[in-house]
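J.: can't give you the sequence, but here's the structure:
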């Protein structure tokens, strides 16, 4: 009997050990899955204001309640927050969305008062994202997308308002900031500099709404790379609009719709500046134009023509500046003149080229009148052919009538 029991023991022991190991693994996996699901559940929180003090940092104002340590100054990290309320939500310090870990915020309604800077994507390769579809964010400091150390900030404004003292997209080298404004208003009410591409990479896409500064200007490509794309909306500045504002900076402004108004328009004075003006639906108004040796201005005709740059003062342009006029999309039915720049006076003259025109085209940079014009002239044969075709048409029409009467 003992021999039999020992044999059974020898056979069953490895089987029992395997079963126990399997059960432990299942238990560990189940516990890990529980923790993961619990983390996902806690990953999205919404403002309720249940605690009644209106403070962003009060944990009881959120559902579900965030973990201890959650506050605006140390950053909203590894969580997605939603503010959709009639309340006024207040931070007594700055607000960082994505400081030490990726995070996002949805702003749908209500008012968010930020007691300092409003920063999206702050440091350490972190990405911060904000979707703003309503309500107001009012910050008493800087509005920044992409602060330092390879961080990335993304902001979409469809409706509502952002108010701040100044703005920076792509703060430090290696960072990036992207702003998509489809509607609403962005108001910068301070005097400190505002940048698209301060030292990093910044992109501002303006298709609707208003971006305005009452007392200051805007640098596109300060020491970094800045891109401003405008297809609609309004850009209004109390100061200058500069493309390539500092050495090493590169700024590109592409506009095909909407309006822009500023004091001086500076292109490539210290860095590299490029203006792409496309079609005839944009409105551009400045006090003066200054284009340096590293300035490139591209006028691109649509089928309907080209918009004009209107200046109340002087256009000062160096010989190193390059102006190109592309007429490949335009066909003139009759001799047509377009004023591309109108100013009080011109100082200097750029290098000018006309490309792509299907018909005879010429330009005039008139120092006396302060006008840069392009004339497009159809082929003379076309004018000769039109009367002849009309004459043939009338003859055929008369004969057809005669035939009808005879029948």
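T.: Looks like it came in fine. As the structure is a prediction and not an experimental result, all values here were calculated from the model.
J.: State the number of residues packed around residue 215.
T.: Residue 215 sits with 11 neighbouring residues when counted by other CB atoms under 10 Å. Yep, even glycine has a C-beta here, placed from its N, CA and C like the rest.
J.: Next up, phi/psi of it, please.
T.: Main-chain torsions, residue 215, degrees, to the nearest 10: phi -120, psi -10.
J.: quick one: contacts for the nearest residue to it once chain neighbours are set aside?
T.: Closest residue to residue 215 apart from its sequence neighbours, by CB to CB, 6 or more residues apart in numbering: residue 238 at 4.7 Å. Contacts for residue 238 (CB atoms under 8 Å, 6 or more residues apart in numbering) come out as 213, 214, 215, 216, 217, 262, 263.
J.: pretty sure the first one contacts residue 237?
T.: In other words, residue 213. Yes - assessed by CB atoms under 8 Å, residue 213 is found in contact with residue 237 at 5.1 Å.
J.: Report the secondary structure element holding residue 263.
T.: Assigned by DSSP states H and E, residue 263 falls within strand 258-267.
J.: ugh, wrong one, residue 110
T.: Going by DSSP H and E, residue 110 is in strand 103-114.
J.: before we move on, the earlier item: model confidence at the residue nearest to residue 215, what's the number?
T.: Looking at residue 238, its pLDDT is 96.
J.: And for residue 231?
T.: At residue 231, pLDDT is 98.
J.: Please apply the same query to residue 375.
T.: Here the pLDDT value assigned to residue 375 is 97.
J.: what helices or strands is the helix or strand it falls within leaning on?
T.: For residue 375, the element it lies in under DSSP H and E is strand 371-377. In terms of contacts (3 or more CB pairs under 8 Å, 6 or more residues apart in numbering; DSSP states H and E), strand 371-377 is packed against strand 336-342, strand 360-366.
J.: The first one: which residues count as buried?
T.: Under the neighbour-count criterion of 16 or more other CB atoms under 10 Å, strand 336-342 has 338, 339, 340, 341, 342 buried.
J.: got it, and the last one?
T.: Applying a neighbour-count criterion of 16+ other CB under 10 Å, one finds 361, 363, 365 buried in strand 360-366.
J.: ok, now how distant is residue 244 from residue 176?
T.: Going from residue 244 to residue 176 by CB to CB, to the nearest Å gives 18 Å.
J.: Relative to residue 293, which of the helices and strands packed on strand 371-377 is closest?
T.: Residue 293 sits nearest to strand 360-366 of all these, at 17.2 Å, using CB to CB.
J.: Who are the contact partners of the nearest residue to residue 350 once chain neighbours are set aside?
T.: Excluding the flanking residues, the one nearest residue 350 by CB to CB, 6+ apart is residue 321, at 3.9 Å. Counting by CB under 8 Å, 6+ apart, residue 321 touches 267, 268, 291, 292, 293, 295, 296, 297, 350, 351.
J.: What of residue 44?
T.: Contact partners of residue 44, counting by CB under 8 Å, 6+ apart, are 79, 80, 81, 82.
J.: try residue 184
T.: By CB under 8 Å, 6+ apart, the neighbours of residue 184 are 132, 157, 158, 159, 160, 161, 162, 209, 210.
J.: 7 Å - rerun?
T.: Residue 184 makes contact with 157, 158, 159, 160, 161, 209 under the criterion CB atoms under 7 Å, 6 or more residues apart in numbering.
J.: ditto for residue 209
T.: Per CB under 7 Å, 6+ apart, neighbours of residue 209: 157, 181, 182, 183, 184, 185, 233.
J.: how about 8 Å then?
T.: Listed by CB under 8 Å, 6+ apart, the contact partners of residue 209 are 157, 181, 182, 183, 184, 185, 186, 233, 234.
J.: Please flag which of these sit within helices.
T.: Per DSSP state H, helices hold no members of those.
J.: after the strand or helix carrying residue 346, next one along is what?
T.: In this assignment (DSSP H and E), residue 346 forms part of strand 345-347. Following strand 345-347 in sequence order, the next helix or strand is strand 351-355 (DSSP H and E).
J.: Appreciated, that's everything.
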